[in-house]
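Enquirer: What would the 3D arrangement of this be:
(chains A and B)
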Amino acid sequence: MKAGRSKPSGPAQAKAGAKTAPTWVKILVGFHVFATVVWALPNLTPDVMSGQVAPTGTKWLLYWNAKYLKQLDPVKGYMMTTGAWQYWDMFAPDPSNKDWYCTAEVEYRDGTKRTIPYPRMADLSLPQKYIKERYRKYYERAHSDTEPIDWPVFAQRMALLGYTDPNNPPHIVRLYSHGLPTAAPGLKQETVYSNDLYYSYVVDQKELRAAAGGK
Amino acid sequence: MKNQAAPEESTLRMLDRWWFGYGSPTTLGVFRILIGMIVVLDLLMRASDWQTWFGEYGFVPAWLGRSWLGNVPLGSGDFSLPRLSLISGVTDPRIAIAFFALVIVAAVTTTLGIWTRFSAFLLAMGIVSLHHRNSGVLHGGDTALRIAVLYLAVSPCGRACSLDRLIRLRKGQETDQEEISLWPQRLVQFNLAIIYFTTVWLKFFGGTWLNGTAAWYPPRLAEFKRFPVPGFLNEMPFVYVATYGTLLTEFALATLVFFRPLRNYVVLAGIFLHAYIEYSMNIPLFSFLMISFYVCHFQGEEISVYAKRLGERLRGKLGLEVHLPKGAKLTGAGDRFLKAADPLGLVRYSASSEEGWSADKVDGKTANPFRAAAFRSPGAWIFLLVPGLWRRTMAGCAEAAA
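Expert: Numbering: from 1, shown residues only, chains lettered A, B, ... in the order given. Predicted coordinates:
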């Protein structure tokens, strides 16, 4: 095929008279497109889904999609098992307006205390923060009230990071979250981060020793 | 070949041809290289904290990863399907590290286009497995990356811009650029549109996008800051411009980008949007990834033409004429191989009366023909890893005239 400046790119410019893919490919692609649209359409808030608030406007469509189409076994099974699952909420429905970072206070067997830092992007150099950004992402999840299952594992890991002396191992880990909301335009911006203890954890010494062996 | 659909053709038929018609595989080849490079970078960046994110004593041991993304219950819950993962339940770090290394190798071979079908398939399995192992560190860009490698795995993305193709050409197993059904490329275009469309839709549920202040917040988050931007860009009224401009651009990237007369402008706006995000915010590789998707809005034939045009511009400075030894000429397969290795068309091969190989640059100076030709031929760069290989390959493209 000879290249040219005005080659087609949109459906309206598709060339006529050419062959197309086999039917079985079209069926599979059609199913994938259907499943992807169903899966990627925005979810509604729990109050709408539970019926406490009636959906309005386009939310009816999303309500119907979430309640029925997303529950179809072929759609759910296909999207979730193959890795095709996707949901797009970058900066949506509103961008985050709060900075978060974490510190862990480790109390050792002898009663001494030490603060173990968890990488904070604002303190890192430009190359480092590019490489370490997943720490920020993970902490978004790991300190959430809806994810308490993550907290003991997080604390145990921080204990390992603070482990230096087998005779004086970390005994208790206290996790603190530090947050600072961004004030809306025209409002006074606070500058002091909160300092909230959200979890205290007694270190699993057996696991700590095992982990320290392969640290 | 006509560029316009026949007048009597139905919309359905037209869509059928757009989705499933045949065309140049060059776009998918370029897409494969771009995505492959991003995956390699992403994996290398993750490697430095491998134990942290994938180790049993890290933040996400295997059992925790499974508790987030376990089996998928179907029907009334009596039956469930496991998620695709090649490292499900693996707790031995030696196996996990070996797997991670294998995925990096697959990313490299996919990028280069070596055993491309197998490499891309292995890469997709690897990325899906890693994402299913620890989904807690994934952002939107990771999801887009996973979708991209899945599309590469089901596409003949090695038909162009690949070492596989160069080898086929060199062996004479391929003569012309074969056309492929373009549905994998269309899937990338479609998925990109879905990304932008659904995110715009979701933004309409938020107050700050509607009142125009959404762009006020991200620049003020210390954890996201990257390079400094002039202060006025983060103040009113520019915040309104940035907020509504983002919505408009994203909406256009989901819709108007398919309208040919506007496509280039929409793509440029998208590049500008993501370049600004990349500069000002610390969201690793996200913008590079999204911009890489845009290549699929261009036909392979167009990309080849762009490359030739770029080559014409560069030829004034980088053009090279390689003189074959006396009495030698390029074989058919050799000619096709050298042309494919040099997509910009910077090197011309001609007969000469000299005994050995020689080359002239545009300024009249002579150059080492093998080294100078390799420098100008991206397809040759991989050959340079083995000393003498490019020289032998290039020499093998010529034969003594009868």
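Enquirer: In space, what's closest to residue 82 - neighbours in sequence excluded?
Expert: All of this refers to chain A. Closest residue to residue A:82 apart from its sequence neighbours, by CB to CB, 6 or more residues apart in numbering or on different chains: residue B:84 at 5.7 Å. In this view, the C-beta of every residue, glycine as well, is placed from N, C-alpha and C.
Enquirer: oops, chain B please
Expert: For residue B:82, ignoring the flanking residues on the chain, the nearest one in space by CB to CB, 6+ apart is residue B:71 at 5.2 Å.
Enquirer: Residue A:105 bridge partners, please.
Expert: Taking DSSP bridges, one finds residue A:115, residue A:174 as the beta-bridge partners of residue A:105.
Enquirer: Does it touch residue A:112 like I think?
Expert: No: judged on CB atoms under 8 Å, residue A:105 makes no contact with residue A:112 at a distance of 11.0 Å.
Enquirer: Spatially, and excluding backbone neighbours, which residue is closest to residue 39.
Expert: Going with chain A. Of all residues not flanking residue A:39 in the chain, residue A:79 sits nearest, at 4.7 Å (CB to CB, 6+ apart).
Enquirer: other chain: chain B
Expert: Spatial nearest neighbour of residue B:39, chain neighbours left out: residue B:107 (4.3 Å); criterion: CB to CB, 6+ apart.
Enquirer: count of residues packed around that neighbour?
Expert: Residues lying near residue B:107 (other CB atoms under 10 Å in any protein chain shown) number 27.
Enquirer: Quick check: the gap between it and chain A.
Expert: Separation of residue B:107 from chain A (CB to the nearest CB, to the nearest Å): 16 Å.
Enquirer: could I get the host helix or strand of that residue in PDB with only the CA atoms?
Expert: Element membership of residue B:107 [criterion: DSSP states H and E] is helix B:93-112. The C-alpha trace of helix B:93-112 is given here as PDB (Å, rounded to 0.1, in the frame of the first residue of the first chain):
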ATOM      1  CA  PRO B  93      11.600 -15.000  47.100                       C
ATOM      2  CA  ARG B  94      13.900 -16.900  44.700                       C
ATOM      3  CA  ILE B  95      11.000 -17.900  42.500                       C
ATOM      4  CA  ALA B  96       9.400 -14.500  42.700                       C
ATOM      5  CA  ILE B  97      12.700 -12.600  41.900                       C
ATOM      6  CA  ALA B  98      13.300 -15.000  39.000                       C
ATOM      7  CA  PHE B  99       9.800 -14.300  37.700                       C
ATOM      8  CA  PHE B 100      10.300 -10.600  38.000                       C
ATOM      9  CA  ALA B 101      13.600 -10.800  36.100                       C
ATOM     10  CA  LEU B 102      11.800 -12.900  33.400                       C
ATOM     11  CA  VAL B 103       9.200 -10.200  33.000                       C
ATOM     12  CA  ILE B 104      11.900  -7.600  32.500                       C
ATOM     13  CA  VAL B 105      13.500  -9.800  29.800                       C
ATOM     14  CA  ALA B 106      10.100 -10.200  28.200                       C
ATOM     15  CA  ALA B 107       9.700  -6.400  28.200                       C
ATOM     16  CA  VAL B 108      13.100  -5.900  26.500                       C
ATOM     17  CA  THR B 109      12.500  -8.600  23.900                       C
ATOM     18  CA  THR B 110       9.000  -7.200  23.200                       C
ATOM     19  CA  THR B 111      10.500  -3.700  22.700                       C
ATOM     20  CA  LEU B 112      13.100  -5.000  20.300                       C
END
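Enquirer: after it, next one along is what?
Expert: From helix B:93-112 onward toward the C-terminus, using DSSP H and E, the following helix or strand is helix B:116-133.
Enquirer: domain parsing for chain A?
Expert: Using automatic domain parsing, the domain ranges for chain A come out as A:18-82, A:98-213.
Enquirer: so which of those comes closest to residue B:315?
Expert: When those are compared by CB to CB, domain A:18-82 sits nearest residue B:315, at 33.5 Å.
Enquirer: can you give me the mean pLDDT across that closest one?
Expert: On average, the pLDDT along domain A:18-82 is 93.
Enquirer: chain center to that domain: distance?
Expert: Counting by CA atoms, centre = their mean, to the nearest Å, domain A:18-82 is centred 21 Å from the centre of its parent chain.
Enquirer: Could you do stretch B:141-154 as well?
Expert: The chain centroid and the centroid of stretch B:141-154 are separated by 10 Å under CA atoms, centre = their mean.
Enquirer: Can you give the contact residues for it?
Expert: With CB atoms under 8 Å, 6 or more residues apart in numbering or on different chains as the test, stretch B:141-154 has contacts from A:82-88, B:28, B:31-32, B:35, B:38-39, B:42, B:110, B:120-121, B:123-125, B:127-128, B:131, B:184, B:187-188, B:191, B:195, B:283-286, B:289-290, B:292-293.
Enquirer: can you count the residues close to the residue lying closest to residue A:54 once chain neighbours are set aside?
Expert: Computed as CB to CB, 6+ apart, the closest residue to residue A:54 that is not its neighbour in sequence is residue A:48, at 7.7 Å. Neighbours of residue A:48 under the rule other CB under 10 Å: 18.
Enquirer: Helix or strand next in line after the strand or helix carrying residue A:131, which one?
Expert: In the assignment (DSSP H and E), residue A:131 maps to helix A:126-142. Note on helix A:126-142: by DSSP H and E, the next helix or strand toward the C-terminus is helix A:150-161.
Enquirer: That following helix close to chain B?
Expert: Yes: under the criterion of CB under 8 Å from any CB of the partner chain, chain B is reached by helix A:150-161 at A:150, A:153, A:154, A:156, A:157, A:160.
Enquirer: all strands for the stretch 201-350 of chain B, in order.
Expert: Here the stretch 201-350 of chain B has its strands, by DSSP state E, counting those that start in this stretch, at B:320-323, B:328-330, B:347-350.
Enquirer: Now that the residue nearest to residue A:39 has come up, it's in contact with residue A:85, right?
Expert: Yes: if you go by CB under 8 Å, residue A:79 and residue A:85 touch, sitting 4.8 Å apart.
Enquirer: higher neighbour count, those two?
Expert: It is residue A:85, of residue A:79 and residue A:85, that has more neighbours when counted by other CB under 10 Å, with 24 against 20.
Enquirer: wait, doesn't that one sit right on residue A:38?
Expert: No: if you go by CB under 8 Å, residue A:85 and residue A:38 don't touch, sitting 11.3 Å apart.
Enquirer: element containing the closest residue to residue B:70 other than its chain neighbours, please.
Expert: The spatial neighbour of residue B:70 that comes closest, neighbours along the chain excluded (CB to CB, 6+ apart), is residue B:83 at 7.6 Å. Residue B:83 is part of no helix or strand when elements are defined by DSSP H and E.
Enquirer: that older thread, distance of the residue nearest to residue B:82 from residue B:95?
Expert: To residue B:95, residue B:71 is 21 Å away according to CB to CB, to the nearest Å.
Enquirer: burial measure for residue B:155, as a count.
Expert: Residue crowding around residue B:155 was assessed by other CB under 10 Å; the count is 25.
Enquirer: same check, this time on residue B:145
Expert: The tally of other residues near residue B:145 (other CB under 10 Å) stands at 22.
Enquirer: how near is it to chain A?
Expert: Distance from residue B:145 to chain A, by CB to the nearest CB: 11 Å.
Enquirer: for that residue, helix, strand, or coil?
Expert: Assigned by DSSP: H, G, I helix; E, B strand; the rest coil, the conformation of residue B:145 is helix.
Enquirer: per-residue pLDDT, it?
Expert: At residue B:145, pLDDT is 97.
Enquirer: tell me which parts of the stretch 201-350 of chain B are close to chain A?
Expert: B:201-209, B:213-218, B:220-227, B:236, B:239, B:258-260, B:263, B:282-284, B:297-299, B:301-302, B:304-305, B:308.
Enquirer: picking that back up, who touches the helix holding residue B:107?
Expert: With CB under 8 Å, 6+ apart as the test, helix B:93-112 has contacts from A:214, B:32-33, B:36-37, B:39-40, B:43-44, B:47, B:50-51, B:54-56, B:86-87, B:90, B:115-116, B:119-120, B:122-123, B:126-127, B:129-130, B:149, B:152, B:162-163, B:382.
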